[in-house]
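J.: fold the stuff below for me.
(chains A and B)
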There are 2 protein chains.
Amino acid sequence: MPNPTAAMLVIGDEILSGRTRDGNTHHLAGELTRHGIRLAEARVVPDEAPAIIAAVNALRATWDHVFTSGGIGPTHDDITADAIAAAFGVPIGIREDARARLAAHYARAGLEFNEARQRMARIPDGAGLIDNPVSTAPGFTIGNVHVMAGVPNIFQAMVASVLPTLTGGAPLLSQSWRVNRGEGEVAAPFGALAAEYPDLSMGSYPFLQNGAHGTNLVIRGTDPARIDAAMTRLAALFPAD
Amino acid sequence: MPNPTAAMLVIGDEILSGRTRDGNTHHLAGELTRHGIRLAEARVVPDEAPAIIAAVNALRATWDHVFTSGGIGPTHDDITADAIAAAFGVPIGIREDARARLAAHYARAGLEFNEARQRMARIPDGAGLIDNPVSTAPGFTIGNVHVMAGVPNIFQAMVASVLPTLTGGAPLLSQSWRVNRGEGEVAAPFGALAAEYPDLSMGSYPFLQNGAHGTNLVIRGTDPARIDAAMTRLAALFPAD
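T.: Numbering: from 1, shown residues only, chains lettered A, B, ... in the order given. Here you go, the predicted structure:
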């Protein structure tokens, strides 16, 4: 059975302006791989409703799961929840259980639960909440779309609570073999080996270290025995120095 | 006149599997912003021709420029040049000036200019070459698409040689104001200010430092006088402690 697929959608002007370097995609990629879900595509769009709506609708129609990060805070540029509701064509409003969680949180902190903070309880109709153990304001799941915070530690906590609820596939395994030669010298035998193992994915990643060229050869797949067999061949082709 | 727009397309299984964290998008974002070109979208796709072709054709039809990174090396998984040729519907073959550059490079290095390395001289018909001062194998520009290496220092060198050839717009400026209060407390006045300056883009980015909540407020635009005016208002709304 093929592995389930997923897409990541990063929402935020600050990524596209170069102010902030996105790390959430890299985190999600590693977690999905361990869970046996194949990250098939990632996109970054600005804080603009038409861009968010178009991307969400394209991605949710194509892949099994969509994960979003960013735009669910209390300020005027936090428009993700409304854009998701528009993408699904459902109403959105303050949701009582989310409001109650936030009210209790701000009461404990001795802070006013003002109108801006109440905005974080706006959840599209029909969504399920995703816990936020860091700062309470929840994410949500609607259809196959999981809407999460952009702040990295909150994003990571939300991923950790969503992933166990999803059916994964066989873990996506990889092994790596380091060769002290340039890519151009390993290309022909490595390509021939890849052609013999069409069920595996093989990639080569050149590096330059202390002035010497080298290449990391990576074999990916779901069948450990096949990967081991290919790695044995690889080690014979390119013996360690 | 509005600023020219651009998209980034990262090509590589290693990004989607979580093996490698993409940094080329962040680098390009900063360089484009300084050059007055607005990065409007970014995507990551695997080393698969249909995915590359679909993304390139969608992005080049939508934005003024498209920058790609990855997949132009000598190995079997380096399929970007062929996919770009297919996207444009043009032939591709070994190009003499690119071949000559590579032949001279490998002769100097005392390395065989083998078939795999000659693959790096495969350039779609009608493209212009992009210099590679690091390892010679060129990138290329075809139409509004700039095809560059994935290795970060080569990508950066290629961006540096392409950008001066593109017409930029007014530099995209930003100023930032740090407030020692949570986002929920600054949201209402900050949103009201943003509504007064529809020509500027205002974003808020919460942080947690030593257990205390704070928010960075960022104002972006192209008119320095308007940004200064808005910053003065911001400083009056949220005086430094």
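J.: since we're on residue A:124, how many residues are nearby?
T.: 24 (other Cβ atoms under 10 Å in any protein chain shown). All C-beta spots, glycine's among them, are computed from the backbone N, C-alpha and C.
J.: skipping adjacent residues, who's closest to it in space?
T.: In space, and not counting its chain neighbours, residue A:124 is closest to residue A:85: 3.8 Å by Cβ to Cβ, 6 or more residues apart in numbering or on different chains.
J.: please apply the same query to residue A:135.
T.: Going by Cβ to Cβ, 6+ apart, residue A:135 has residue A:154 as its nearest residue, at 6.3 Å.
J.: host element of the one you found?
T.: helix A:152-162 (DSSP states H and E).
J.: let me know the average pLDDT across that helix.
T.: Averaged over helix A:152-162, pLDDT sits at 96.
J.: what number of residues lie near the nearest residue to residue A:130 once chain neighbours are set aside?
T.: Counting by Cβ to Cβ, 6+ apart, residue A:139 is the residue found nearest to residue A:130 once chain neighbours are left out, at 3.6 Å. By other Cβ under 10 Å, 28 other residues sit near residue A:139.
J.: what residues does residue A:139 make contact with?
T.: A:72, A:129, A:130, A:132, A:146, A:147, A:148, A:149, A:158 (Cβ atoms under 8 Å, 6 or more residues apart in numbering or on different chains).
J.: out of the residues you listed, which are inside helices?
T.: Taking DSSP state H, the ones among the contacts of residue A:139 that sit in helices are residue A:158.
J.: kindly write the ChimeraX command that selects the buried subset of the contacts of residue A:139.
T.: Burial among the contacts of residue A:139 is assessed by 16 or more other Cβ atoms under 10 Å in any protein chain shown; the matching ChimeraX selection reads:
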select /A:72,130,132,146,147,148,149,158
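J.: out of the contacts of residue A:139, the closest to residue B:169 would be?
T.: residue A:72 (31.2 Å; Cβ to Cβ).
J.: next SSE after the helix or strand bottoming out on mean pLDDT in chain A?
T.: Taking mean pLDDT, DSSP states H and E as the measure, chain A has strand A:201-209 as its least confident helix or strand, at a mean of 91. The helix or strand immediately downstream of strand A:201-209 is strand A:212-221, counting by DSSP H and E.
J.: who does the following helix or strand past that next one touch, helix- and strand-wise?
T.: Following strand A:212-221 in sequence order, the next helix or strand is helix A:224-237 (DSSP H and E). Identification of packing neighbours for helix A:224-237 by 3 or more Cβ pairs under 8 Å, 6 or more residues apart in numbering or on different chains; DSSP states H and E yields strand A:173-179, helix A:183-196, strand A:212-221.
J.: which residues sit against the helix holding residue A:154?
T.: Against helix A:152-162 from outside (Cβ under 8 Å, 6+ apart): A:23-24, A:27-28, A:31, A:67, A:69, A:130-135, A:139, A:141, A:146, A:148-149.
J.: for it, buried residues please.
T.: Neighbour-count burial for helix A:152-162 [16+ other Cβ under 10 Å]: A:154, A:155, A:156, A:157, A:158, A:159, A:162.
J.: out of those residues, which comes closest to residue B:187?
T.: Ranked by distance to residue B:187 (Cβ to Cβ), the buried residues of helix A:152-162 are led by residue A:154 at 17.2 Å.
J.: domains of chain A?
T.: Domain assignment for chain A, taken from automatic domain parsing, gives A:5-165, A:173-237.
J.: so which residue is smack in the middle of chain A?
T.: residue A:28 (3.4 Å; Cα atoms, centre = their mean).
J.: list the contacts of it.
T.: Per Cβ under 8 Å, 6+ apart, neighbours of residue A:28: A:6, A:8, A:39, A:67, A:159.
J.: repeat the analysis, applying 6 Å as the threshold.
T.: Contact partners of residue A:28, counting by Cβ atoms under 6 Å, 6 or more residues apart in numbering or on different chains, are A:8, A:67.
J.: please report phi then psi for it.
T.: Dihedral angles of residue A:28 (phi, psi; degrees, to the nearest 10) stand at phi -60, psi -40.
J.: now do the one 5 residues further on
T.: With angles defined as degrees, to the nearest 10, residue A:33 sits at phi -60, psi -50.
J.: and the closest residue to it other than its chain neighbours, how far is that from residue B:50?
T.: Nearest residue to residue A:33, sequence neighbours excluded (Cβ to Cβ, 6+ apart): residue A:172, at 4.6 Å. Residue A:172 is 20 Å from residue B:50, where distance means Cβ to Cβ, to the nearest Å.
J.: higher neighbour count, the two?
T.: Taking neighbours as other Cβ under 10 Å, residue A:172 and residue B:50 compare with residue A:172 leading, 21 against 11.
J.: close enough to count as contact, that one and residue A:31?
T.: No: look at residue A:172 against residue A:31 with Cβ atoms under 6 Å: they stay out of range, at 11.3 Å.
J.: most tightly surrounded among the domains of chain A?
T.: domain A:5-165 (a mean of 20; mean count of other Cβ atoms under 10 Å in any protein chain shown).
J.: that one: end-to-end distance?
T.: 15 Å (Cα to Cα, to the nearest Å).
J.: which parts of chain A sit against chain B?
T.: A:13-14, A:16-18, A:21, A:26, A:29-30, A:33, A:39, A:41-45, A:73-77, A:116-117, A:183-184, A:187-188, A:191, A:194, A:203-204 (Cβ under 6 Å from any Cβ of the partner chain).
J.: which stretches of chain A aren't confidently modelled?
T.: A:241 (pLDDT under 70).
J.: roughly how far apart are residue A:199 and residue A:22?
T.: Residue A:199 is 32 Å from residue A:22, by Cβ to Cβ.
J.: check residue A:109 too.
T.: Applying Cβ to Cβ to residue A:109 and residue A:22 gives a distance of 29 Å.
J.: next: residue A:130.
T.: Applying Cβ to Cβ, the value for residue A:130 to residue A:22 is 20 Å.
J.: now residue A:53
T.: With Cβ to Cβ as the criterion, residue A:53 and residue A:22 are 20 Å apart.
J.: again with residue A:28
T.: 10 Å.
J.: again, but for residue A:60
T.: Residue A:60 is 20 Å from residue A:22, by Cβ to Cβ.
J.: residue A:202 too?
T.: Applying Cβ to Cβ, the value for residue A:202 to residue A:22 is 27 Å.
J.: closest to chain B among the buried residues of helix A:152-162?
T.: Set against chain B, the nearest of these by Cβ to the nearest Cβ is residue A:154 (9.7 Å).
J.: in JSON lines, list the helices and strands packed on helix A:224-237 along with distance to residue B:239.
T.: Shown next, in JSON lines, are those (distance: least, Cβ to Cβ, whole Å):
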{"stretch": "strand A:173-179", "distance to residue B:239": "53"}
{"stretch": "helix A:183-196", "distance to residue B:239": "57"}
{"stretch": "strand A:212-221", "distance to residue B:239": "53"}
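J.: who does the nearest residue to residue A:178 once chain neighbours are set aside bridge with?
T.: Closest residue in space to residue A:178, ignoring its immediate chain neighbours: residue A:216 at 5.5 Å, by Cβ to Cβ, 6+ apart. When bridges are called by DSSP bridges, residue A:216 pairs up with residue A:178, residue A:205.
J.: I figured residue A:216 hits residue A:177, correct?
T.: No: contact criterion Cβ under 6 Å: residue A:216 and residue A:177 do not qualify, at 7.3 Å.
J.: cool, thanks, talk later.
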